[in-house]
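Asks: I need the structure of the sequence given here:
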Amino acid sequence: MIQAIKMALKYGPMIPVAVDFLKEIEDTVKDREITQEESRRLMKQFWVVVNNYRAVEMGVSYDSFVESMEETRKAKRKAKRAETVKQALS
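Replies: Here you go, the predicted model:
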């Protein structure tokens, strides 16, 4: 019982996000057809759920997690551009 309470406290912030995702899935498949736009929207929400989980596991807020992911992407792009320039000058 205590373990269940600990899990609820730890993953509680994810519940509204997951419920919204499940509602979106339910609404999308009512007509038994998923358009490309619906598919994109579902995938976007899926990654919000996944990143919320990852943020909880790391013990940070979702916003700071997303911000750090953006900084990492920018640094990787910058390093790749620098490598491309270096190779071009060689």
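
Asks: drop to CA atoms for contacts and neighbour counts, all remaining ones
Replies: Fine.

Asks: taking the mean pLDDT, what do you get for the helix or strand containing V19?
Replies: Using DSSP states H and E, V19 sits within helix 15-28. Predicted confidence along helix 15-28 averages 93 (mean pLDDT).

Asks: again with stretch 37-55
Replies: Mean predicted confidence for stretch 37-55 is 93.

Asks: Tell me the gap between that stretch and the middle of its chain.
Replies: In terms of C-alpha atoms, centre = their mean, to the nearest Å, the centre of stretch 37-55 is set 5 Å apart from its chain centre.

Asks: buried stuff in that stretch?
Replies: L42, Q45, F46, V48, V49, N51, N52, Y53, A55 (16 or more other C-alpha atoms under 10 Å).

Asks: Tell me the helices and strands packed up against the helix or strand hosting the fifth one.
Replies: This means V49. Per DSSP H and E: V49 is located in helix 36-58. The contact analysis (3 or more C-alpha pairs under 8 Å, 6 or more residues apart in numbering; DSSP states H and E) places helix 36-58 against helix 2-11, helix 15-28, helix 62-89.

Asks: now the angle from it to helix 62-89?
Replies: Put simply, helix 36-58 runs at 100 degrees to helix 62-89, going by axes from the mean of the first three to the mean of the last three C-alpha atoms, to 10 degrees.

Asks: rewinding a little: present the buried residues of stretch 37-55 as a markdown table; the columns should include distance to I34.
Replies: Formatted as a markdown table, those follow (distance: C-alpha to C-alpha, whole Å):
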| residue | distance to I34 |
| --- | --- |
| L42 | 10 |
| Q45 | 15 |
| F46 | 15 |
| V48 | 20 |
| V49 | 20 |
| N51 | 24 |
| N52 | 25 |
| Y53 | 26 |
| A55 | 29 |
